[in-house]
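1. missing the sequence, but the structure's below:
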(Lines give C-alpha, C1' and ligand atoms only; values in the text may rest on other atoms or scores of the structure.)
Protein backbone atom coordinates (compact mmCIF):
# COMPACT_ATOMS: atom_id res chain seq x y z
CA UNK A 1 0.00 0.00 0.00
CA UNK A 2 1.46 3.44 -0.94
CA UNK A 3 2.33 5.97 1.69
CA UNK A 4 -0.23 8.58 2.52
CA UNK A 5 1.11 11.92 1.35
CA UNK A 6 -0.02 14.91 3.32
CA UNK A 7 0.64 18.52 2.58
CA UNK A 8 3.65 19.13 4.80
CA UNK A 9 5.07 22.21 3.21
CA UNK A 10 7.40 24.00 5.53
CA UNK A 11 6.86 27.65 6.17
CA UNK A 12 9.57 29.79 4.62
CA UNK A 13 12.26 30.98 7.03
CA UNK A 14 12.27 34.40 8.57
CA UNK A 15 13.16 37.12 6.07
CA UNK A 16 11.31 35.51 3.16
CA UNK A 17 9.18 38.64 2.78
CA UNK A 18 12.33 40.55 1.72
CA UNK A 19 12.88 38.23 -1.25
CA UNK A 20 9.35 37.23 -2.16
CA UNK A 21 8.40 40.29 -4.21
CA UNK A 22 11.68 40.29 -6.16
CA UNK A 23 11.46 36.55 -6.87
CA UNK A 24 7.85 36.98 -7.98
CA UNK A 25 9.03 39.67 -10.40
CA UNK A 26 11.71 37.31 -11.74
CA UNK A 27 9.06 34.60 -12.16
CA UNK A 28 6.89 36.97 -14.20
CA UNK A 29 9.86 37.94 -16.40
CA UNK A 30 10.67 34.25 -16.87
CA UNK A 31 7.10 33.51 -17.99
CA UNK A 32 7.28 36.41 -20.44
CA UNK A 33 10.61 35.15 -21.82
CA UNK A 34 9.22 31.63 -22.23
CA UNK A 35 6.15 32.90 -24.09
CA UNK A 36 8.11 35.30 -26.29
CA UNK A 37 7.81 34.48 -30.00
CA UNK A 38 10.94 32.88 -31.43
CA UNK A 39 10.32 33.13 -35.16
CA UNK A 40 13.42 34.21 -37.04
CA UNK A 41 15.78 33.27 -34.21
CA UNK A 42 18.21 30.38 -34.03
CA UNK A 43 17.24 27.54 -31.69
CA UNK A 44 19.86 28.45 -29.10
CA UNK A 45 19.16 32.17 -29.47
CA UNK A 46 15.59 31.75 -28.30
CA UNK A 47 16.87 30.47 -24.92
CA UNK A 48 19.24 33.37 -24.23
CA UNK A 49 16.68 35.45 -22.32
CA UNK A 50 15.92 32.49 -20.06
CA UNK A 51 19.63 31.93 -19.33
CA UNK A 52 20.08 35.62 -18.49
CA UNK A 53 17.13 35.66 -16.10
CA UNK A 54 18.32 32.46 -14.44
CA UNK A 55 21.74 34.05 -13.94
CA UNK A 56 20.27 37.30 -12.57
CA UNK A 57 18.03 35.49 -10.10
CA UNK A 58 20.88 33.30 -8.82
CA UNK A 59 23.21 36.29 -8.59
CA UNK A 60 20.58 38.28 -6.67
CA UNK A 61 20.15 35.58 -4.04
CA UNK A 62 23.91 34.98 -3.78
CA UNK A 63 24.63 38.69 -3.37
CA UNK A 64 21.93 39.03 -0.72
CA UNK A 65 23.52 36.20 1.23
CA UNK A 66 27.05 37.48 0.76
CA UNK A 67 26.08 40.95 1.98
CA UNK A 68 24.42 39.36 5.05
CA UNK A 69 20.95 40.64 4.06
CA UNK A 70 19.48 37.14 4.38
CA UNK A 71 20.24 34.31 6.79
CA UNK A 72 21.97 31.04 5.95
CA UNK A 73 18.69 29.24 6.60
CA UNK A 74 16.86 31.37 4.02
CA UNK A 75 19.74 30.99 1.55
CA UNK A 76 19.60 27.18 1.89
CA UNK A 77 15.82 27.30 1.52
CA UNK A 78 16.16 29.23 -1.76
CA UNK A 79 18.73 26.74 -3.07
CA UNK A 80 16.60 23.76 -2.07
CA UNK A 81 13.46 25.18 -3.69
CA UNK A 82 15.29 25.96 -6.94
CA UNK A 83 15.17 29.75 -6.78
CA UNK A 84 18.95 29.82 -7.26
CA UNK A 85 21.36 27.45 -8.98
CA UNK A 86 23.66 25.94 -6.36
CA UNK A 87 26.14 24.58 -8.92
CA UNK A 88 26.54 27.97 -10.58
CA UNK A 89 27.00 29.67 -7.20
CA UNK A 90 29.63 27.07 -6.27
CA UNK A 91 31.59 28.06 -9.40
CA UNK A 92 31.30 31.77 -8.51
CA UNK A 93 33.07 31.03 -5.23
CA UNK A 94 36.16 29.74 -7.09
CA UNK A 95 38.93 32.04 -8.30
CA UNK A 96 38.57 32.97 -11.97
CA UNK A 97 34.89 32.14 -12.17
CA UNK A 98 33.43 35.13 -10.28
CA UNK A 99 31.54 36.44 -13.33
CA UNK A 100 30.60 33.12 -14.95
CA UNK A 101 27.36 33.41 -16.93
CA UNK A 102 26.30 29.76 -17.15
CA UNK A 103 27.70 26.29 -16.56
CA UNK A 104 27.60 25.36 -20.24
CA UNK A 105 30.39 27.85 -20.94
CA UNK A 106 32.90 25.87 -18.86
CA UNK A 107 31.96 22.40 -20.10
CA UNK A 108 34.46 21.31 -22.75
CA UNK A 109 32.13 18.70 -24.21
CA UNK A 110 29.86 21.46 -25.58
CA UNK A 111 32.56 23.00 -27.80
CA UNK A 112 34.13 21.90 -31.05
CA UNK A 113 37.71 21.68 -29.84
CA UNK A 114 37.20 20.46 -26.28
CA UNK A 115 37.92 23.82 -24.63
CA UNK A 116 35.79 26.37 -22.82
CA UNK A 117 33.49 28.85 -24.55
CA UNK A 118 34.79 31.93 -26.40
CA UNK A 119 33.13 34.22 -23.85
CA UNK A 120 35.60 32.94 -21.22
CA UNK A 121 38.56 34.47 -23.09
CA UNK A 122 39.59 37.88 -21.66
CA UNK A 123 38.82 40.76 -24.01
CA UNK A 124 42.44 41.96 -24.12
CA UNK A 125 43.48 38.58 -25.59
CA UNK A 126 41.07 38.89 -28.53
CA UNK A 127 41.48 40.81 -31.78
CA UNK A 128 40.80 44.52 -31.56
CA UNK A 129 37.15 45.36 -32.30
CA UNK A 130 35.98 41.75 -32.39
CA UNK A 131 32.50 41.22 -30.96
CA UNK A 132 32.30 38.01 -28.96
CA UNK A 133 28.97 36.31 -28.36
CA UNK A 134 28.49 32.93 -26.74
CA UNK A 135 26.39 30.53 -28.78
CA UNK A 136 24.98 28.88 -25.64
CA UNK A 137 23.70 31.85 -23.65
CA UNK A 138 24.45 35.02 -25.62
CA UNK A 139 27.05 36.23 -23.12
CA UNK A 140 29.45 38.88 -24.39
CA UNK A 141 32.28 37.96 -22.07
CA UNK A 142 32.33 36.52 -18.56
CA UNK A 143 36.08 36.11 -18.01
CA UNK A 144 37.08 37.44 -14.59
CA UNK A 145 40.24 38.93 -16.04
CA UNK A 146 38.33 41.62 -17.98
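-> Received, thanks. Everything quoted here is computed from the prediction, not taken from an experiment.
2. and for residue 58, the neighbour number?
-> Using other Cβ atoms under 10 Å, residue 58 has 22 neighbouring residues. Every residue, glycine included, has its C-beta placed from N, CA and C.
3. that one and residue 82, how far apart?
-> 10 Å (Cβ to Cβ, to the nearest Å).
4. need the pLDDT of residue 110.
-> pLDDT, residue 110: 75.
5. one more: residue 9?
-> Value for residue 9, per-residue pLDDT: 66.
6. ok, residue 125 next?
-> In this prediction, residue 125 has a pLDDT value of 78.
7. please apply the same query to the one 4 residues further on.
-> Per-residue confidence for residue 129 comes out at a pLDDT of 75.
8. helix, strand or coil: sort out it for me.
-> Following DSSP: H, G, I helix; E, B strand; the rest coil, we place residue 129 in the coil state.
9. for it, phi and psi?
-> When read as degrees, to the nearest 10, the backbone of residue 129 gives phi 80, psi 0.
10. what sits against it?
-> Contacts for residue 129 (Cβ atoms under 8 Å, 6 or more residues apart in numbering) come out as none.
11. any idea how far it lies from residue 123?
-> Distance from residue 129 to residue 123, by Cβ to Cβ: 11 Å.
12. which helix or strand contains residue 88?
-> Assigned by DSSP states H and E, residue 88 belongs to helix 86-92.
13. show me what counts as buried in that helix.
-> Residues 88-89, 91-92 are the ones in helix 86-92 that count as buried (16 or more other Cβ atoms under 10 Å).
14. ok, those residues vs residue 11, which is closest?
-> For those, the closest approach to residue 11 (Cβ to Cβ) belongs to residue 89, at 23.9 Å.
15. and the pLDDT at the closest one?
-> So, for residue 89, pLDDT stands at 94.
16. re the thing from before, would a markdown table of the buried residues of helix 86-92 with distance to residue 35 be doable?
-> As requested, the buried residues of helix 86-92 are arranged in a markdown table below (distance: Cβ to Cβ, whole Å):
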| residue | distance to residue 35 |
| --- | --- |
| 88 | 24 |
| 89 | 27 |
| 91 | 30 |
| 92 | 29 |
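17. the most centrally placed residue in the chain: which element?
-> Nearest to the geometric centre of the chain sits residue 55, at 2.4 Å (Cα atoms, centre = their mean). Using DSSP H and E, residue 55 maps to helix 48-66.
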